[in-house]
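A.B. asks: Kindly generate the corresponding structure for this input.
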Amino acid sequence: MDTKFLESLIAVVEAGSIANAARSQGLTAAAVSQRIRVLETELDCDLLSRSAHAAAPTAACLRILPAARALVRDAANLGANLDASGLSGPYRLGAVSSALLDHIPRIVRIFRDKAPKAELSVRPGTSAALYEDLLDGTLDAVIAVKPPFDLPKKLSFRLVEEQPLVHISPRSGDISHENEKSLPWIVYDRQSWGGRLIWEECGDRLSSGHVLCELDALETILMMVVQGTGQAIVPLWRGVSEQEHLLHVVPVSGQGSVSRKMIFLQKVSSEKSALGDLVTSALQPVA
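C.D. replies: Predicted structure coming up:
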C-alpha cells in the first residue's frame, strides 16, 4: 500500500472535499480521486461519501484513520530515524496566532541554521484545537495558552512567557479621553482559554458597557481598536507593543499577578525530542 495514497485520503478528510485536498497536495482532483479508488479497491470498502462539492469519511474510513495516520507518520520518520542527531525529518508545530508573530520567525531561522534537513511545518489554530491535535498525534508540539485544567502525565510543558493583561483604546485625534468610556467593548472570545481568563478577571468591567463583538483573534481586535472601533482588554503580546504609538495602553489594575501564560507543549515520549529542544532554545521571552 502506497503511503502517498493514504496521505491523499487524510487530506480529503481534513479538507472536506477532493478539490481542496488536491490543491493542498499540489495534485489534480482526478489524481486524488484515483488514489482513493485504488485504496477502496485494496481495502474492499467505500472510504468516502461523495457529493457534488464535498466528500465525507465513511464509518469504515473513520475506523482505519488512526492507523492510516500512524503509517504515514512512521513512513515519514524512517529516514529521520537514521540520523543520530535527531535533527531531520518532518516536524509539525502548532501555534496560536499571536505566537506566529512573537516566536515563529526565530524558530524558522534556527531550523534553517541548525537543522537544515528538518521539514518544519507550522499550523495555526486555537489553543484548544491544537491541544487536541497534539493528543491525537497530528502535531509534534504546540505553542499555546496554558489550559485551564491539569495536563495529563504523558505531556510535558515549558513556560514560554507570562503576558500581563492591559486595557487598550485608540489614541486617534477624534477620540478624546473624556468620551473613551463611551467606546464599545471588543471582547476576546470567552470560549477561548485566554479569553476565559480575561472574562473571569474582568467580566464585571466588560459587561458594564456595550459589547460590540466577541472573537478569538487578537490581531483583529488590535486593529479594530487602532481604527477607533472600540476598546478591549487583551494580554500584552508583541502586536500591542508594535502598535503602542497608536494606542492608549494601561495595565489592568487590581488583578494581582493574573496573566496569560504561554507554554510550549509536547509529549513526554516524543520521538522528536531533539527538534523539540531546538524549538525550546528559540523560545525567548518577548521584550
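
A.B. asks: Looking at strand pairing, list the partners for Pro90.
C.D. replies: Taking DSSP bridges as the rule, Pro90 bridges to Glu119.

A.B. asks: pLDDT score for it?
C.D. replies: Looking at Pro90, its pLDDT is 88.

A.B. asks: That one and Ser121 touch, don't they?
C.D. replies: Yes - with contact defined as Cβ atoms under 8 Å, Pro90 counts as touching Ser121 (6.9 Å). Where C-beta positions appear, they are placed from N, C-alpha and C, glycine not excepted.

A.B. asks: In terms of neighbours, single out the busier of these two.
C.D. replies: Pro90 (17 against 11; other Cβ atoms under 10 Å).

A.B. asks: Roughly how far does that one sit from Leu236?
C.D. replies: Distance of Pro90 to Leu236, computed by Cβ to Cβ, to the nearest Å: 34 Å.

A.B. asks: now do Glu242
C.D. replies: Where Leu236 is concerned, Glu242 sits at a distance of 12 Å (Cβ to Cβ).

A.B. asks: So between these two, which is more surrounded?
C.D. replies: More crowded of Glu242 and Leu236, by other Cβ under 10 Å: Leu236, with 21 against 11.

A.B. asks: got a list of what that one touches?
C.D. replies: Contacts for Leu236 (Cβ atoms under 8 Å, 6 or more residues apart in numbering) come out as Gln163, Pro164, Leu165, Val166, Val249.

A.B. asks: Pull the number of nearby residues for the nearest residue to Pro170 once chain neighbours are set aside.
C.D. replies: Closest residue to Pro170 apart from its sequence neighbours, by Cβ to Cβ, 6 or more residues apart in numbering: Gly228 at 4.4 Å. Around Gly228 there are 16 other residues, counting by other Cβ under 10 Å.

A.B. asks: Looks to me like Gly228 is in a strand.
C.D. replies: No - secondary structure of Gly228 (DSSP: H, G, I helix; E, B strand; the rest coil): coil, not part of a strand.

A.B. asks: Please enumerate the helices of the stretch 101-250 of the chain.
C.D. replies: Using DSSP state H, counting those that start in this stretch, the helices found in the stretch 101-250 of the chain span residues 104-114, 127-135, 193-207, 218-226, 238-242.

A.B. asks: Mind jotting down where the strands sit in the stretch 51-200 of the chain?
C.D. replies: Residue ranges of the strands in the stretch 51-200 of the chain, as given by DSSP state E, counting those that start in this stretch, are 55-57, 89-95, 118-124, 141-145, 155-170, 185-188.

A.B. asks: Now do the contacts for Gln266.
C.D. replies: The contact partners of Gln266, taken as Cβ under 8 Å, 6+ apart, are Leu134, Asp140, Ala141, Val142, Leu155, Ser156, Phe157, Lys272, Gly276.

A.B. asks: Can you tell me how far it is from Asp189?
C.D. replies: Distance, Gln266 to Asp189, by Cβ to Cβ: 26 Å.

A.B. asks: ok so, going back, distance to Asp44 added to the strands of the stretch 51-200 of the chain, as JSON lines?
C.D. replies: Formatted as JSON lines, the strands of the stretch 51-200 of the chain follow (distance: least, Cβ to Cβ, whole Å):
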{"stretch": "strand 55-57", "distance to Asp44": "17"}
{"stretch": "strand 89-95", "distance to Asp44": "31"}
{"stretch": "strand 118-124", "distance to Asp44": "33"}
{"stretch": "strand 141-145", "distance to Asp44": "37"}
{"stretch": "strand 155-170", "distance to Asp44": "38"}
{"stretch": "strand 185-188", "distance to Asp44": "50"}
